[in-house]
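Participant: can you look at this prediction? I've put the sequence above it.
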Amino acid sequence: MVIKEIKREDVLETLKAVIDPEIGLNIVDLGLVYDVQISDEVILITMTLTTPGCPMHGSIVNWVERIISMSFPNKIVDVQLVWEPRWTPEKMSEEAKKFLGI
Amino acid sequence: MIQSEQVAGIYSPPFKIVSKYFIGSIISFVVFNLLLVLNYNSINGHHFQPKILSLNHIATLGFVTMVIFGAMFQLVPVVMEVKLFSPLLAEIQFWIYTSGVVLLVYKFWYFDSFISFLLPGLILSLAILLFSINIIFSMIKVKVWNITGSYLIAAIFWLLITALAGYLLTKNLDKPFIKINHLQYLNLHAITAFVGWVGMVIMGVSFKLIPMFTLSHGYKMTFAKISLLITNAGLLGINWIMHYSDTGFYNLVFGTLIFIGVILYLIQIFIIFKKRIRKKLDIGLKFSAFAFIIFGIVSTLNFSFLFFDYESIVNLTLVYGIIVIYGFFGTLILGQMYKIVPFLVWYHKYSSKVGIEIVPMLKDMFNEKLAEYQLYLLLGGIVISSSGLLINKGIVVLIGFILLLTNSIIFTINMIKIFRS
């Protein structure tokens, strides 16, 4: 059996299924995912939220964990929520900016 | 395999508690509108009369305060990142509070001698005390403080003062003991309730919610900080001088302080709106934007009361009450409920399904077009009923109240749609 190597792009593509229901955009295009590191055992995702004290604080992290562990069941998922550097609108993708009319 | 310890909704209180308060508020809003239509002829003359006092308390205690209680049980934990001290206390408080509101409204309406004014006064004071204990004990554990927290602490303080003044008024109605004009205490009760309790909550929470909903970034909160200090200094002053009979000059000073505080708050809100990334305002934010504009108009009118004597204008106090309750509190609360209630229901029903199946977006959970019509009915109803009161034409007042009732029915239809989605 050939085990396909997991790439950063695969993880990011999977994370696009996590959509902020208030804004209607996924967390990757919103620029909330800062980094994805893949080792033999762990997928480490470093991410932020648009503002501290966001009511979806725990939920978004939980969704990320669930969707990645479902898509890559052989890996341990570790989500690190950070507030530095703070999220700014410049971190959004061009599609997201267009969607919001910037 | 999941490594992180973070659990969805770690800080959120149970949905059934918050939703009880929200449903209680929606029911109060419809009842308030219905009673206004059925008793439009009674809405005339001096504001200190049984049915007007009764209606006013359905709106302020039933509609406004009920939703604030529910929203604070939800928002304090998530915004301040602490657990609610006691969800059970919040549940018990709901039933005590609701029975207090029903009794007080009944007592005001019929002036029934069988029930003493003290009974609803005591029940409501107990409920408010339980609420204050629950929120303060939750906030004691806050690790990272923010300006919203300071506003909420001020709000709790003024809620307790409002309850105390309200209790003294009910005691005085039961057995008169207040030596100065009790209308002065009524003013104190109203100012601390409107500016201190509701005002501080709205101001503090809006500094968290409006930037979150509009994705505003890159602004300073200087005006908010000054506004907090100035408004509360004015409120403290007003509370101090109201116990004396000759209040003219000091009234002017402290009233001006409150006015400046409100203007600074509105400037801060304007800056937040200006710095928003989401340019298009959705229906919830459209309601809110109108509420802020009306808040500016109401505050200016209130400020002018310090300089001009409007006694010759018929029903001006009632018009002022309608603009405050519907125009500012109502418009803002209804707008924010279009943002918060879908989120709570969505979170409760769909959060566990994200990534597994297709889940709706929040805006898909209610009819936005219908909500837009509701906004026009609300604004139209305020203008028409206020005009009717000013020209003293009952039929015009009735038309205005029917529009406002229709607005509340549409709102309820949309809320049912959200709860059922």
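Facilitator: Nice, I can see it.

Participant: residues near B:Ala289, how many?
Facilitator: Close neighbours of B:Ala289, defined as other CB atoms under 10 Å in any protein chain shown, add up to 17. The C-beta positions use only the backbone N, C-alpha and C, and glycine is treated the same way.

Participant: next one: B:Val67
Facilitator: Counted by other CB under 10 Å, the residues lying close to B:Val67 total 25.

Participant: equivalent analysis for A:Val61, please.
Facilitator: 23.

Participant: model confidence for it, exactly?
Facilitator: On the pLDDT scale, A:Val61 is placed at 85.

Participant: try B:Ile58
Facilitator: In this prediction, B:Ile58 has a pLDDT value of 96.

Participant: wait, doesn't it sit right on B:Val105?
Facilitator: Yes. Here B:Ile58 reaches B:Val105: they are 5.4 Å apart, a contact under CB atoms under 8 Å.

Participant: buried residues in the helix or strand of chain B with the lowest mean pLDDT, which are they?
Facilitator: In chain B, no helix or strand scores lower on mean pLDDT, DSSP states H and E than helix B:182-191, which sits at a mean of 81. Buried residues in helix B:182-191, counted by 16 or more other CB atoms under 10 Å in any protein chain shown: B:182, B:184-191.

Participant: show me which of these is closest to B:Phe131.
Facilitator: Comparing these against B:Phe131 with CB to CB places B:His189 closest, at 17.6 Å.

Participant: list the contacts of that closest one.
Facilitator: Taking CB atoms under 8 Å, 6 or more residues apart in numbering or on different chains, we find B:His189 in contact with B:162, B:165-166, B:169.

Participant: TSV for the residues you listed, including neighbour count and pLDDT?
Facilitator: Shown next, in TSV, are those (neighbours: other CB atoms under 10 Å in any protein chain shown; pLDDT from 0 to 100):
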residue	neighbour count	pLDDT
B:Thr162	23	92
B:Ala165	21	87
B:Gly166	25	86
B:Leu169	19	84
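
Participant: out of those residues, name the ones that lie in helices.
Facilitator: Using DSSP state H, the subset of these located in helices is B:162, B:165-166, B:169.

Participant: same list (those) but as a markdown table, adding distance to chain A.
Facilitator: Below are those laid out as a markdown table (distance: CB to the nearest CB, whole Å):
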| residue | distance to chain A |
| --- | --- |
| B:Thr162 | 27 |
| B:Ala165 | 33 |
| B:Gly166 | 32 |
| B:Leu169 | 37 |
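
Participant: where does chain A dip in pLDDT?
Facilitator: Applying pLDDT under 70 to chain A picks out residues A:1-4, A:53, A:55, A:57-58.

Participant: circling back to that earlier point, and the next element down the chain from the least confident helix or strand of chain B?
Facilitator: Sequence order places helix B:200-214 as the next helix or strand after helix B:182-191, per DSSP states H and E.

Participant: state the mean pLDDT of that following helix.
Facilitator: The average pLDDT for helix B:200-214 rounds to 93.

Participant: can you get me a residue count around B:Ala59?
Facilitator: Look at B:Ala59: counted by other CB under 10 Å, it has 24 neighbours.

Participant: check contacts around it.
Facilitator: Shown in contact with B:Ala59 (CB under 8 Å, 6+ apart): B:28-29, B:32, B:325, B:329.

Participant: chain A versus that one, what's the distance?
Facilitator: Using CB to the nearest CB, to the nearest Å, B:Ala59 is found at 27 Å from chain A.

Participant: how near is the residue nearest to B:Ile340 when sequence neighbours are not counted to B:Lys274?
Facilitator: In space, and not counting its chain neighbours, B:Ile340 is closest to B:Ala71: 6.5 Å by CB to CB, 6 or more residues apart in numbering or on different chains. Distance of B:Ala71 to B:Lys274, given as CB to CB, to the nearest Å: 26 Å.
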